[in-house]
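>>> Need a 3D model of the sequence below.
(chains A and B)
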Amino acid sequence: MGRIYRIDMTDLQVRTEEAAGSYAGLGGRALTSAIVADEVPATCHALGAENKLVIAPGLLTGTGAPCSGRLSVGAKSPLTGTIKESNAGGTAAVNLATLGIAALVVEGQPERGKLYRIIVSKDGARVEPADSLAGLGNYAAVEGLFEEFGDKVSCLTIGPVGEMGAGAANIAVTDLERRPTRHCGRGGLGAVMGSKGVKAIVVDPAGGSRVQPADDAAFKQAANKFAAALKEHPVTGTSLPAYGTNVLASVINEAGAYPTRNFSEGQFEGIEAISGERQREIILERGGEVAHACSPGCTIKCSRTYVDKDGQYVTKGPEYETIWAHGADCGIDDLDAIAQMDRIEDDLGVDTIETGATIALAMEAGVIEFGDVQGALNLLDEVRRGTPLGRLLAAGAEVFGKAYGVVRVPTVKGQAMPAYDPRAVMGIGVTYATSTMGADHTAGYAIAANILGVGGSVDPLKPEGQVELSRALQTATAAIDASGLCLFVAFAVLDEPEAMEAICGMLGALQGRPFTAEDFAAIGRKVLLRERAFNRAAGFTDADDRLPRFFKTEKLAPHQITFAVSDEELDQVFNFEE
Amino acid sequence: MTVPAVDIRLYATLRAYAADRPSVRAEIEPGQTVEEVLRAFGVPVEQARVIFVNSRAAAPSHPLQGGERVAVFPAIAGG
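Predicted coordinates for the structure are as follows:
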């Protein structure tokens, strides 16, 4: 049983408790959503003292299980007004788990304008003033922290946009190279951290030890089986390490589902220049790194290191979603420019999906032209300086669209859609519409069966079967997010029964009790129903589980198709019980 | 008379079978299947996990008439 550190930012005191009662045995998203649902008034202001920022490693994190180093961060979201779990790699989750910590709960609120840092170590947690970090970008902030605390620590930081309290603000997590490149990106959780006056959380793993499973021999056997399954599957063993997440760009474009120029078309004429194939060539030509791990124990290695023409580090990846948001969605076909924007946004501490989508809206609104790289960079400078225009951009797509009178605003529950047009991939449209998180591809990745032929096959251009597909995936995803496993293990799990058996084997051996696939699904159902109950209490109804109207009225080329899943069908996604 | 041809696009690891070119024009006999065209490139058909003909998912047995855009992917995923 792990410890929970409650860090009260009103009196700057830390209280320690065991993760007992209804929190016992929970990890990752299951724990963050349980604490937020139980303790945060659903109707509170997300940036007020009543909200809580909950940071938790997964159940398997720290055990040495392959790909189990994911971190869940939860709160009420200032972007969506819903409950939120945002998930990242990096080193923090493993370091928290090996210190025996189930969760950090940042509560209350200090005097406005004060900044602090939280230091977590084997001796507990403490709060210290950090006014000198005010306004720093994530790169500069972590550089100073590593100098002071040594190379082994993990840093969670917010950039200047988190300090501003903007809806696109994220939380950066440092990676194995001590760079702030992994992000709890979605939902504005950086603004929640900023509202608590917390600029940085430093986790020092010294004195920690591996999480000990109840039956270690059985655990290691299951973990080895899991590692073999990941290695053998062509996606997790070959294509993700070779090409990274952006391997998707070409296939989504060929499917006519690659949102182009603010969701006005489904194919981008500049695709080849920003494809995963071209990205790999550029990285290898310049001496960058492919097959890079984003967290300890990652065997898939879908991350990469992007360097400039002189071989100098620019940023990680960039990832598929980032390349799309600043590429096709903005009509930009220049990978170097996209990498530059990724680096700037990682430093500012903003979600690259939300920010790219908002820049595309600025283009649609005529603030700058589609394809205008310098114009986009100028907009990011407005964000950095916190000008009124910059603040509107950092508030996210929905707010910006309203302010500039844009009709085509691709958001659900206030969150910008990622890189799949729901008209040409209707399963992901069901997930966007109904997820407890707002428009989120990871919540139920229907692309797998709709486009990629992974985990079955459901025609993406027809409404039939999409609700069942999205429901099953949303449930499985919630359970994976509770386990601390990287969501990408799902590609192997969906195709190979032995991968699912291995996960159950690890969870059973960890807890010293039999654990079945049904137990796993039950975790997912419970998480979803709890999150949905929070959203209902916050005022959300079935009418919020909808795509913007234009997806039903504007036909998308090349298929000349509109989103055809009916409202009545969408309302069936959550027709299950615990 | 023009010879019927299709635009073949091999992606990810399959691109090696097209000498790393993003797009290759291939002359066909009308009625030839995707599988037959792929075999001419030396592509192991079992590796052709996702096929699009003019942006629509197609089976390896899909017959071609000429003028189509044929995109072929190995097992990939990401996101």
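>>> use CA for all of it now, contacts and neighbours both
Fine.
>>> my guess is A:Phe520 meets A:Gly505, correct?
No: if you go by C-alpha atoms under 8 Å, A:Phe520 and A:Gly505 don't touch, sitting 11.1 Å apart.
>>> Which one's more surrounded, these two?
Neighbour count, other C-alpha atoms under 10 Å in any protein chain shown: between A:Phe520 and A:Gly505, A:Gly505 has more, with 24 against 21.
>>> what's the closest non-adjacent residue to that one?
Leaving aside its sequence neighbours, A:Gly505 sits nearest to A:Ala222 (C-alpha to C-alpha, 6 or more residues apart in numbering or on different chains; 5.4 Å).
>>> how near is that neighbour to B:Pro44?
Plainly put, A:Ala222 is 33 Å away from B:Pro44 if you go by C-alpha to C-alpha, to the nearest Å.
>>> So for these two, which sits in the more crowded spot?
Between A:Ala222 and B:Pro44, A:Ala222 has the larger neighbour count (other C-alpha under 10 Å), namely 24 against 13.
>>> Which strand or helix spans the more buried one?
helix A:216-232 (DSSP states H and E).
>>> Now that helix: average pLDDT?
The predicted model assigns helix A:216-232 a mean pLDDT of 98.
>>> and what of stretch A:247-260?
98.
>>> cool, and stretch A:168-176?
Per-residue scores along stretch A:168-176 average to 98.
>>> Over to stretch A:547-566?
Rounded mean pLDDT across stretch A:547-566 is 98.
>>> Can you pull up the residues of chain B that come close to chain A?
Residues of chain B lying close to chain A (C-alpha under 8 Å from any C-alpha of the partner chain) are B:11-13, B:22, B:49-50, B:52, B:55-57, B:71, B:73, B:75-79.
>>> redo that, cut-off 6 Å
B:Ala12, B:Ser55, B:Ala75, B:Ile76, B:Gly78, B:Gly79 (C-alpha under 6 Å from any C-alpha of the partner chain).
>>> export those to CSV and tack on neighbour count, secondary structure and pLDDT?
Output for those, formatted as CSV (neighbours: other C-alpha atoms under 10 Å in any protein chain shown; DSSP: H, G, I helix; E, B strand; the rest coil; pLDDT from 0 to 100):
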residue, neighbour count, secondary structure, pLDDT
B:Ala12, 25, helix, 96
B:Ser55, 21, coil, 95
B:Ala75, 21, coil, 94
B:Ile76, 27, coil, 94
B:Gly78, 25, coil, 87
B:Gly79, 21, coil, 79
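>>> Closest one to A:Glu369 out of those residues, please.
Closest approach to A:Glu369 among the residues of chain B next to chain A (C-alpha to C-alpha): B:Gly79, at 27.3 Å.
>>> So for the closest one, what's the nearest residue that isn't a sequence neighbour?
Looking at B:Gly79 with C-alpha to C-alpha, 6+ apart, the closest residue is A:Thr245, at 5.4 Å.
>>> wait, that neighbour sits on B:Ala12?
No: look at A:Thr245 against B:Ala12 with C-alpha atoms under 6 Å: they stay out of range, at 11.8 Å.
>>> what about A:Asn200, helix or strand, and which?
To be clear, residue A:200 is Ala; Asn isn't right here. Assigned by DSSP H and E, A:Ala200 falls in strand A:198-203.
>>> Tell me which strands that strand pairs with, and in which orientation.
strand A:116-121 (parallel), strand A:154-157 (antiparallel) (DSSP bridges).
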